[in-house]
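S.K.: heads up, no residue letters with this:
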């Protein structure tokens, strides 16, 4: 357990290191009037913080830099206090009247621009959603469109062309029948296609439904959750990552999205902000980086995660506030889409 003075010194070292990227010397800390203690006391406290594993010496004669544990201590202290500064740039997401996929992309792009880091947003695969509503529309005498709206606001459309004009009554009947039989079912449910077949139906009705069935096959075959990424170039510029091996590992991670999705799913198990710093990350490619993430969704149901990946030397306070706000705005958007549908 640290003393209040040790906590203050640790916070000062972390803040200075975030600003400059350089080791923090005891001389500069002693000049800080807020600390109210002399150089010898500062040096002694720094040595104790180093013994706790919270600070490190990059070189014998250099100042101190925070370790992963040091960053973790300050982040936990900030989260426990519920305090944090406003982000340097206000996050303003314009999600009104957007399609779900477009809204996810806009969130990722804006989050990356505001934080100047790599932003990753996950969205549920179609098979994790349920059918909310189905429309069967006659666009032309021989062309019918099937529209499937999911519980997450996703929309899937398919056009079916027939050899001859379709009876408008058959189109209206199909819409009512499909809603009655399929609404509420998961898109990957085994019984979904079984519900399309009813022995009491006429041959004409069964044949018509058979042509529409492909619309449900397409979406039920969706696999992993969808990932939206933006800002990879930002993470690699300005010297944020310089080691070639680390760069290659990160690129490999981004290509192997299954591993990245698994990491983000861990964030969904947290009630609040999920932070993993350096060696706290299980994935080797992430052990020189930090992840800040939180879930978004409808009420208690989380649909995906909003996250930022960057160097361990990250402005955690600003990033946490920004990620939390992005998740809040995305949750409001999803709820609005769900209510409309």
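M.R.: Thanks, I have it. Quantities reported herein were computed from a predicted structural model and do not represent experimental measurements.
S.K.: all strands of the chain, in order?
M.R.: 55-56, 65-66, 118-123, 131-140, 143-150, 155-161, 226-230, 274-277, 289-298, 301-311 (DSSP state E).
S.K.: Neighbouring strands of the fifth one in the sheet, and parallel or not?
M.R.: Strand 143-150 has these partner strands in its sheet, going by DSSP bridges: strand 131-140 (antiparallel), strand 155-161 (antiparallel).
S.K.: can you tell me how far the residue most central in space within the chain sits from residue 267?
M.R.: When CA atoms, centre = their mean is applied to the chain, the residue found nearest the centroid is residue 306 (2.4 Å). Between residue 306 and residue 267 the computed distance is 9 Å (CB to CB, to the nearest Å). To be clear about C-beta, it is placed using only N, CA and C from the backbone, and glycine gets the same treatment.
S.K.: what's the pLDDT at the nearest residue to the residue nearest to the centre of the chain once chain neighbours are set aside?
M.R.: Nearest residue to residue 306, sequence neighbours excluded (CB to CB, 6 or more residues apart in numbering): residue 327, at 4.4 Å. Residue 327 carries a pLDDT value of 92.
S.K.: what number of residues lie near residue 327?
M.R.: Using other CB atoms under 10 Å, residue 327 has 24 other residues around it.
S.K.: How about residue 162?
M.R.: When neighbours are defined as other CB under 10 Å, residue 162 has 13 of them.
S.K.: Could you break this protein into its assigned domains?
M.R.: What automatic domain parsing lists as the domains of the chain is 4-81, 100-124+225-340, 127-220.
S.K.: Span of the shortest one from start to end?
M.R.: Yep, that's domain 4-81 we're talking about. By CA to CA, to the nearest Å, the extent of domain 4-81 from end to end equals 14 Å.
S.K.: Likewise for stretch 197-209?
M.R.: From its first residue to its last, stretch 197-209 covers 8 Å (CA to CA).
S.K.: which one of the domains of the chain is the most hemmed in?
M.R.: Sort the domains of the chain by mean neighbour count, taking mean count of other CB atoms under 10 Å, and domain 100-124+225-340 sits at the top with a mean of 19.
S.K.: Give me the distance from that one to the chain's centre.
M.R.: 4 Å (CA atoms, centre = their mean, to the nearest Å).
S.K.: Same check on stretch 171-184?
M.R.: 34 Å.
S.K.: So what's the model's average confidence on that stretch?
M.R.: Per-residue pLDDT over stretch 171-184 has a mean of 92.
S.K.: Residue 165 and residue 144 touch, don't they?
M.R.: No: taking CB atoms under 8 Å as the definition, residue 165 is not a contact partner of residue 144, at 10.6 Å.
S.K.: need the contact list for the closest residue to residue 304 other than its chain neighbours.
M.R.: Nearest in space to residue 304, with sequence neighbours left out and distances taken as CB to CB, 6+ apart, is residue 122 at 4.1 Å. Going by CB atoms under 8 Å, 6 or more residues apart in numbering, residue 122 touches 225-228, 261, 264-265, 304-305, 307.
S.K.: Contact partners for the residue nearest to residue 306?
M.R.: 294-296, 306.
S.K.: try it again with 6 Å
M.R.: Residues near residue 327 by CB atoms under 6 Å, 6 or more residues apart in numbering: 294, 296, 306.
S.K.: Can you tell me how far it is from residue 303?
M.R.: Computed as CB to CB, the residue 327 to residue 303 distance reads 11 Å.
S.K.: cool, residue 271 as well?
M.R.: 16 Å.
S.K.: same thing with residue 169?
M.R.: When residue 169 is compared with residue 303 (using CB to CB), they lie 38 Å apart.
S.K.: which intervals of this structure have sub-threshold pLDDT?
M.R.: Within the chain, the segments meeting pLDDT under 70 span 60-61, 83-98, 125-129, 151-155, 187-190, 218-224, 236-240, 242, 244, 338-341.
S.K.: run the last query once more with 50
M.R.: For the chain, the stretches flagged by pLDDT under 50 are 88, 220-222.
S.K.: Can you show me the helices along this protein?
M.R.: Taking DSSP state H as the test, the helices found in the chain are 4-20, 26-30, 39-51, 68-81, 100-115, 168-182, 191-194, 203-212, 214-220, 232-236, 244-255, 257-268, 316-340.
S.K.: Output those helices as CSV; include the columns distance to residue 159.
M.R.: Shown next, in CSV, are the helices of the chain (distance: least, CB to CB, whole Å):
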stretch, distance to residue 159
helix 4-20, 54
helix 26-30, 68
helix 39-51, 66
helix 68-81, 50
helix 100-115, 19
helix 168-182, 13
helix 191-194, 20
helix 203-212, 11
helix 214-220, 9
helix 232-236, 35
helix 244-255, 33
helix 257-268, 30
helix 316-340, 23
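S.K.: nearest to residue 136, of these?
M.R.: helix 168-182 (4.0 Å; CB to CB).
S.K.: packing partners for the closest one?
M.R.: Counting contacts by 3 or more CB pairs under 6 Å, 6 or more residues apart in numbering; DSSP states H and E, helix 168-182 packs against strand 131-140.
S.K.: 7 Å - rerun?
M.R.: Here helix 168-182 touches strand 131-140, helix 203-212, going by 3 or more CB pairs under 7 Å, 6 or more residues apart in numbering; DSSP states H and E.
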